[in-house]
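1. Starting from these lines, generate the structure:
(4 chains)
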2 protein chains.
Amino acid sequence: MSTAPALGYLLKHAHLRFATLTDEALEPFGIDGKDFGALRVLARREPMSQLEVARTLRIDRTTMVALLDALERKGIVSRRPDPTDRRKNVVELTESGREAFDAAEVAYAGVESAFLAGVDGQQFRRTLQTLLEG
Amino acid sequence: MSTAPALGYLLKHAHLRFATLTDEALEPFGIDGKDFGALRVLARREPMSQLEVARTLRIDRTTMVALLDALERKGIVSRRPDPTDRRKNVVELTESGREAFDAAEVAYAGVESAFLAGVDGQQFRRTLQTLLEG
DNA sequence: TATTGTTATACTCTATAACTATA
DNA sequence: TATAGTTATAGAGTATAACAATA
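-> Here you go, the predicted structure:
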């Protein structure tokens, strides 16, 4: 008698597999999946502070510091004090950062559709959204 | 313009939320979600070696050592050398371990149905299975 | 006083390498 | 020689606490 995998196992390994695939696909652009998530938040909006990015991604602000340190070192993002509130940093993609991100976005989309081949991606997303809101 | 969450974000937080809920629900039984996963493998089959359990769960055998150390300390599992191959340990639930597991299984099932309320659990499982096999 | 960013630190999780014993 | 279990160790990943600058 073999038993069906527990839901926790399925969720863990689905996440793990996707993270591995995206990390591999993004590696040529000098970023990983976590970096991409932060850049994605920064790319399509008004400039944000570090804390706003961290809250959007539900990660700690101290984690954001290290993540942005690395992206800044690579010349992908820039930080400057917010002129209207000098406690804050305005974080923005650099020009080359945006180029890298645009290319990374194509790679990410490719991984995502390959990963979702064989399932209804729209519905799967909706289901996951529901589970997060529950 | 707000952007839909990335698939990686959804997978990460769905897993995280479920892990948090199960850890909380299992805490009264002295185990967490990872422990439960191992016990679940051990509970409904013939006795297994540590390595077989580790492979079933796709975790490293060194991780399994620490996990079983803790469960053995709590009297939930026992280890003894396999008489037919003394390199192996036969791992089994103790009597009290099985009682704890039976109760934990009820709690886990409760968390699972609460978590899946509002979605088609059968289909969600099938989708996750597909994604793992991809 | 409260907030933002930073640093130092610690804790969890997990894997790799090397060892022991058995085969 | 190879395998199972163990130990020591190290590397991610992330969080908590304390501090500096600013509001």
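2. Where do the strands of chain A begin and end?
-> A:48-49, A:77-82, A:85-93 (DSSP state E).
3. Quick one: closest of those to A:Lys34.
-> A:Lys34 lies closest, by Cβ to Cβ, to one member of the strands of chain A: strand A:77-82, at 13.5 Å. All C-beta spots, glycine's among them, are computed from the backbone N, C-alpha and C.
4. burial of A:Gly118, as a residue count?
-> Neighbourhood size, A:Gly118 [other Cβ atoms under 10 Å in any protein chain shown]: 12.
5. Now do the nearest residue to it once chain neighbours are set aside, the pLDDT please.
-> Excluding its sequence neighbours, the residue lying closest to A:Gly118 (Cβ to Cβ, 6 or more residues apart in numbering or on different chains) is B:Thr130, at 5.3 Å. pLDDT recorded at B:Thr130 is 96.
6. Tell me which other helices or strands the biggest helix by length in chain A touches.
-> Across chain A, the longest stretch assigned as helix under DSSP state H is helix A:95-116. Applying 3 or more Cβ pairs under 8 Å, 6 or more residues apart in numbering or on different chains; DSSP states H and E, we find helix A:95-116 packed against helix A:7-26, helix A:33-43, helix A:121-133, helix B:7-26.
7. ok, so what distance separates the most centrally placed residue in chain A from DNA strand C?
-> Central residue of chain A (Cα atoms, centre = their mean): A:Gly37, 1.2 Å from the mean position. Distance of A:Gly37 to DNA strand C, given as Cβ to the nearest atom of the strand, to the nearest Å: 17 Å.
8. was I right about that residue contacting B:Leu7?
-> No. At 10.3 Å, A:Gly37 and B:Leu7 do not qualify as touching, with contact defined as Cβ atoms under 8 Å.
9. Quick check: the closest residue to A:Tyr9 other than its chain neighbours vs B:Asp120, distance?
-> Leaving aside its sequence neighbours, A:Tyr9 sits nearest to B:Gly37 (Cβ to Cβ, 6+ apart; 6.1 Å). Per Cβ to Cβ, to the nearest Å, B:Gly37 is found 23 Å from B:Asp120.
10. would you list the strands of chain A in TSV and tack on mean neighbour count?
-> Shown next, in TSV, are these (neighbours: other Cβ atoms under 10 Å in any protein chain shown):
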stretch	mean neighbour count
strand A:48-49	18
strand A:77-82	15
strand A:85-93	15
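11. B:Ala66 is nearest to which of those?
-> Ranking the strands of chain A by distance to B:Ala66, with Cβ to Cβ as the measure, places strand A:77-82 first at 38.4 Å.
12. now check that closest one, is it near DNA strand C?
-> Yes. On the criterion Cβ under 7 Å from any atom of the strand, strand A:77-82 is in touch with DNA strand C at A:Arg79.
13. and what of stretch A:40-55?
-> Yes. Stretch A:40-55 is in contact with DNA strand C by Cβ under 7 Å from any atom of the strand, via A:49-51, A:54.
14. so where's chain A shaky on pLDDT?
-> Along chain A, the parts satisfying pLDDT under 70 run over A:1-2.
15. Flag every residue of it that's near DNA strand C.
-> So chain A meets DNA strand C at A:49-51, A:54, A:61-62, A:65-66, A:68-69, A:79, A:85, A:87-89 (Cβ under 7 Å from any atom of the strand).
16. still on that earlier bit, got the angle for the longest helix of chain A vs strand A:77-82?
-> 120 degrees (axes from the mean of the first three to the mean of the last three Cα atoms, to 10 degrees).
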